[in-house]
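Visitor: The sequence and its predicted three-dimensional model are supplied below.
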Amino acid sequence: MGSKPLVDLSDDEIAVLKESSLLVGKTLAEVAKHIAPGVTTGELDRLAEEFIRDSGAIPGFKGLYDCPSTLLISVNEQVVHGLPGGRQLRDGDIASVDCGVLMNGFYGDSAYTFMVGDVAEPVKKLLRVTRECLDKGIAAATEGNRTGDIGYAIQQHAESNGYGVVRELVGHGVGRKLHEAPEVPNYGKRGHGVKLRTGMVLAIEPMINMGVKEVKQLADGWTVVSRDGKPSAHYEHNVAVRAGKAEVLSTFSYIEDVLKKKGELITA
Ligand code: MG
Ligand code: MG
């Protein structure tokens, strides 16, 4: 992952970036409408690309680091970077869908783990806890804190539920480049790491394994899977660091409005 020095963004620039982040949420809501047993990951990728281009933006991942697709779709034991294709989703699967867009010079980057049909209760719990990890990480993303405070909050919650925190992949700054400094690990020590200041925009994205934290990469050079084959979940928001309380720029509300109608929203 390339990490250019972070350029602090003005409030006007953050407002432009927010539009990109919101478009990712709307794109993932299109995915939410269509995700079901029998649909292929390639179909979801095509409709996402069409939606993004119809919205006057371009896919953020496609062509970057030679990424061939608009979405990265990681099913079950796949952690991140699954490539869309002919795989049909099946009842009981979970699918982590990561999406980026580039619009008006700024990237948005957000991810959501969907349930496909009827998902086993322990897997639902993994999704619920990973969402909570994201919220706890965001709560720590305030001016004067450090990246280690974000990682600590995420790691504590995941590990107290017996889950593994992926080390090899991390959150990041986001702006005119998809991946900027600082790195935002999902593990860490309080008071350590890069000091956070207003003007930083971070992609916070816990990747939490039901089993061991270790991962491996498949021969396709992209897909990262849990080493023990147990399911993994991934949620990602873009947040602007502020004094007192971070401002969440992306949203899951479009997605969850759709899931609510389908009766597929996870509740506590
Ligand atoms: Mg992402
Ligand atoms: Mg990201």
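Guide: Thanks, I have the structure now. Ligands and ions are numbered 1, 2, ... in the order given.

Visitor: Just the buried residues of the longest helix seen in the chain, please?
Guide: If you go by DSSP state H, the chain has its longest helix at helix 11-34. The neighbour-count check on helix 11-34 (16 or more other Cβ atoms under 10 Å) flags 13-14, 17-32 as buried. To be clear about C-beta, it is placed using only N, CA and C from the backbone, and glycine gets the same treatment.

Visitor: hey, C-alpha coordinates of it in CSV?
Guide: The C-alpha trace of helix 11-34 is given here as CSV (Å, rounded to 0.1, in the frame of the first residue of the first chain):
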residue,chain,number,x,y,z
ASP,A,11,-13.4,22.0,5.6
ASP,A,12,-14.3,22.8,2.0
GLU,A,13,-12.2,19.9,0.7
ILE,A,14,-13.7,17.6,3.3
ALA,A,15,-17.2,18.5,2.1
VAL,A,16,-16.2,17.5,-1.4
LEU,A,17,-14.7,14.2,-0.2
LYS,A,18,-17.9,13.5,1.8
GLU,A,19,-19.8,13.5,-1.5
SER,A,20,-17.5,10.7,-2.7
SER,A,21,-18.0,8.8,0.6
LEU,A,22,-21.8,9.1,0.4
LEU,A,23,-21.7,7.9,-3.2
VAL,A,24,-20.0,4.8,-2.0
GLY,A,25,-22.8,4.3,0.5
LYS,A,26,-25.4,4.7,-2.3
THR,A,27,-23.5,2.2,-4.5
LEU,A,28,-23.4,-0.3,-1.7
ALA,A,29,-27.2,0.2,-1.3
GLU,A,30,-27.5,-0.9,-4.9
VAL,A,31,-25.5,-4.0,-4.0
ALA,A,32,-27.9,-4.5,-1.0
LYS,A,33,-30.9,-4.5,-3.4
HIS,A,34,-29.5,-7.3,-5.5
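
Visitor: After that helix, which helix or strand is next?
Guide: helix 41-54 (DSSP states H and E).
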